[in-house]
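Asker: okay, structure incoming, though there's no sequence with it:
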């Protein structure tokens with residue numbers, strides 16, 4: 001789970017999968033929402049999908065991420081939807 005964009009916006013959120021742990025050749029777009037404005041001014045509090053973490057439980061994937069270093073969000077998806 002990462003945000004491969006080259007800007008500081010930390011978007012999109014992408015899940016990269018590999019059969020061998022070396023070549024990550026399957027990529028799935030998990031989130032591509034636009035960046036939102038921070039509620040509080042601050043240094044380096046930018047980015048839509050910060051500190052992404054993926055948890056898999058049964059048939060679901062849970063992406064936990066920080067939004068603007070102000071909120072913790074959870075995106076839930078069905079693993080079957082990755083096909």
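Answerer: Right, received. Where do you want to start? The structure presented is a predicted model; accordingly, all values stated were derived computationally and were not measured.

Asker: list the contacts for the spatially most central residue of the chain?
Answerer: The centre of the chain sits closest to residue 13, judged by C-alpha atoms, centre = their mean, with a distance of 3.5 Å. Going by C-beta atoms under 8 Å, 6 or more residues apart in numbering, residue 13 touches 1-3, 29-32, 48-49, 52, 63, 65, 75. All C-beta atoms are positioned from the backbone trio N, CA, C, and that covers glycine.

Asker: could you give the bridge partners of it?
Answerer: Judged by DSSP bridges, the bridge partners of residue 13 are residue 31.

Asker: quick one: pLDDT of it?
Answerer: Residue 13 carries a pLDDT score of 86 in this model.

Asker: cool, residue 6 as well?
Answerer: Residue 6 is given a pLDDT of 65.

Asker: what about residue 16, how many neighbours?
Answerer: As a burial measure, residue 16 scores 12 neighbours (other C-beta atoms under 10 Å).

Asker: rewinding a little: what about the contacts of residue 13, which are in strands?
Answerer: Per DSSP state E, strands hold the following members of those: 29, 30, 31, 52, 63, 65, 75.

Asker: neighbours around the closest residue to residue 64 other than its chain neighbours, how many?
Answerer: Nearest non-adjacent residue to residue 64, counting by C-beta to C-beta, 6 or more residues apart in numbering: residue 53, 4.7 Å away. Counted with other C-beta under 10 Å, the neighbours of residue 53 add up to 11.

Asker: where does pLDDT dip in this protein?
Answerer: Scanning the chain for pLDDT under 70 picks out 6-8.

Asker: let me know the outermost residue of it.
Answerer: Most peripheral residue of the chain (C-alpha atoms, centre = their mean): residue 41, 22.9 Å.

Asker: and that one, what element?
Answerer: Of the helices and strands defined by DSSP states H and E, none includes residue 41.

Asker: could you measure from it over to residue 77?
Answerer: 33 Å (C-beta to C-beta, to the nearest Å).

Asker: just the buried subset of the ones in strands among the contacts of residue 13, please.
Answerer: 30, 31, 52, 63, 65, 75 (16 or more other C-beta atoms under 10 Å).
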